[in-house]
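[1] quick check, what structure comes out for this input:
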Amino acid sequence: MSITTKDIAEAMYSSIEGYAAYVVDSIQFSIDRDLTDEEQQNVYKTVEDAIDKVTTEMEQGG
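    Reported below is the predicted structural model:
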């Protein structure tokens with residue numbers, strides 16, 4: 001059985017919260033401060049938008 005684009009897209013979406021948390025941690029380490037709730041939401045939305053874009057491209061064969 002081969003892994004499909006749909007399998008990868010679903011895994012990316014199911015991992016989004018954990019991945020976004022890693023991105024937040026990385027930013028906080030880089031800037032040496034905690035992000036505000038608003039900044040964290042912006043990071044989450046940006047990660048979500050990036051995953052949306054990539055999965056759309058994958059589904060279109062790009």
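[2] contacts only, for the most centrally placed residue in the chain.
    In the chain, the centroid-proximal residue (Cα atoms, centre = their mean) is residue 47; its distance is 3.6 Å. Contacts for residue 47 (Cβ atoms under 8 Å, 6 or more residues apart in numbering) come out as 16, 19, 20, 23. Heads up, the C-betas are built off the backbone N, CA and C, glycines and all.
[3] all helices for this protein, in order.
    5-14, 16-31, 37-59 (DSSP state H).
[4] for the lowest-mean-pLDDT helix or strand in the chain, output the C-alpha coordinates as CSV.
    None of the helices or strands of the chain scores lower by mean pLDDT, DSSP states H and E than helix 5-14, at a mean of 87. In CSV, the C-alpha atoms belonging to helix 5-14 read as follows (Å, rounded to 0.1, in the frame of the first residue of the first chain):
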residue,chain,number,x,y,z
THR,A,5,-1.1,12.8,-1.0
LYS,A,6,-4.4,12.7,1.0
ASP,A,7,-2.6,10.7,3.7
ILE,A,8,0.2,13.3,3.9
ALA,A,9,-2.3,16.2,3.9
GLU,A,10,-4.3,14.7,6.7
ALA,A,11,-1.2,14.0,8.8
MET,A,12,-0.1,17.6,8.3
TYR,A,13,-3.4,18.9,9.6
SER,A,14,-3.5,16.5,12.5
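[5] quick one: list the elements packing against it.
    For helix 5-14, the elements it packs on are helix 37-59, judged by 3 or more Cβ pairs under 8 Å, 6 or more residues apart in numbering; DSSP states H and E.
[6] list the buried ones in the helix it packs on?
    For helix 37-59, a neighbour-count test (16 or more other Cβ atoms under 10 Å) marks 40, 43, 44, 47, 51, 55 as buried.
[7] point out where the chain drops to low pLDDT.
    Along the chain, the parts satisfying pLDDT under 70 run over 62.
[8] surely residue 8 touches residue 58?
    Yes - contact between residue 8 and residue 58 holds when scored by Cβ atoms under 8 Å: they sit 6.8 Å apart.
[9] with that, I have no additional questions.
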